[in-house]
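Visitor: Structure for the following, please:
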Amino acid sequence: MQPFVRGNQNAPSGVLVAFAEVRGRNPIDPEGKILAVHISVSALSAHMSHYPVVVFPPTSFRDRTHLDRVLDFMDNVDVIELDPFQLPDDTEEEDYFQVRMDELNRIVQDYVDLFQKRYIAMAQEQGIEFLNFDLDMDLPEEDDRPLDLRSSLNQLENLLQKKADIDQYKSVIRYIRSHHPELDVWNFEQLVRSSKHEIAELYIKKFRAIAEERYEAAAFYQNRILDAEPGRNA
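Guide: Here you go, the predicted model:
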């Protein structure tokens, strides 16, 4: 993972901002010279070996000074600098966006790993007990492992339609937890366990929208989830 330009890499706060200088056209704001992404990791369920992550949509800033003022206000935040963002002349924009999204996903995973190591060390010092009652640490058979996020979401959808037993979901859920921590698959799993399949289906639609960077659609499904279960913080 890139070195922190703010924060302590040995003691991550759980809040990360990744930014990049924009060279050439800024697809969000023609006047912006900086793009930044806010990533937040929750420790509330870390004692159950679950680290839900929220990755907010990219934000544009007119310059580094503008970004630094916001970071000063946020206070306890870790910051890394990414390679410059420059739309290429010889590559389709969608392909370039996908490359940068893949890079961001790797950074999210690396940051969650850092945060997890810090939490485990703290838990051992403080005597915090880990609850593993719903975790199955056995690796799935090779043929059962999803190939990518799209196929894993298709598998979840098929399992929902068949009203499959929760055990049949485990390898797919494990894959998403490991490779896409930005998706709150924990909530999806609890809904399946409660046989609330219609709401669980909304989660799959939300996951697809996030994966495709259709954030307005993701917010739409998030609101539908909240309307369906007002007490749930989706």
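Visitor: Relative to Pro30, how far out is Val108?
Guide: 28 Å (C-beta to C-beta, to the nearest Å). For the C-beta atoms, the positions are set from N, CA and C on the backbone; glycine is no exception.
Visitor: So between these two, which is more surrounded?
Guide: Taking neighbours as other C-beta atoms under 10 Å, Val108 and Pro30 compare with Val108 leading, 21 against 8.
Visitor: ok now the host helix or strand of that one, how far from the chain's centre?
Guide: Here Val108 sits within helix 93-126, counting by DSSP states H and E. Centroid displacement of helix 93-126 relative to its chain, using C-alpha atoms, centre = their mean, to the nearest Å, is 8 Å.
Visitor: I'd like the next helix or strand past it.
Guide: Where DSSP H and E defines the elements, the next helix or strand beyond helix 93-126 is helix 149-161.
Visitor: Tell me the helices and strands packed up against that following helix.
Guide: Under the contact criterion of 3 or more C-beta pairs under 8 Å, 6 or more residues apart in numbering; DSSP states H and E, helix 149-161 touches helix 170-179, helix 197-211.
Visitor: for the record, mean pLDDT for the last one?
Guide: In other words, helix 197-211. Mean per-residue pLDDT for helix 197-211: 91.
Visitor: The helix holding Val108 packs against which elements?
Guide: Counting by 3+ C-beta pairs under 8 Å, 6+ apart, helix 93-126 packs on strand 15-21, strand 34-41, strand 53-55.
Visitor: Packing partners of the shortest one?
Guide: In this case it means strand 53-55. Strand 53-55 makes packing contacts with strand 34-41, helix 93-126 when contacts are defined by 3+ C-beta pairs under 8 Å, 6+ apart.
Visitor: Number of residues surrounding the closest residue to Leu16 other than its chain neighbours?
Guide: In space, and not counting its chain neighbours, Leu16 is closest to Ile39: 4.3 Å by C-beta to C-beta, 6 or more residues apart in numbering. Residue crowding around Ile39 was assessed by other C-beta under 10 Å; the count is 23.
Visitor: check contacts around the spatially most central residue of the chain.
Guide: The centroid of the chain falls nearest to Glu182 when counting by C-alpha atoms, centre = their mean (1.2 Å). By C-beta atoms under 8 Å, 6 or more residues apart in numbering, the contact set of Glu182 is 39, 53-55, 105, 108, 210.
Visitor: sorry, back to before: including mean pLDDT and distance to Phe61, could the helices and strands packed on strand 53-55 go into TSV?
Guide: Listed next are these as TSV, based on pLDDT from 0 to 100; distance: least, C-beta to C-beta, whole Å:
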stretch	mean pLDDT	distance to Phe61
strand 34-41	94	4
helix 93-126	85	17
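Visitor: Deepest in the core, which of these is it.
Guide: Each of the helices and strands packed on strand 53-55 was scored by mean neighbour count; the highest is strand 34-41, a mean of 21, by mean count of other C-beta atoms under 10 Å.
Visitor: so what strands line up beside that strand?
Guide: If you go by DSSP bridges, strand 34-41 pairs up with strand 15-21 (antiparallel), strand 53-55 (antiparallel), strand 59-61 (antiparallel).
Visitor: Please verify my assumption that the residue nearest to Leu16 contacts Tyr111.
Guide: Yes: the pair Ile39 / Tyr111 is scored as a contact, 6.5 Å apart, by C-beta atoms under 8 Å.
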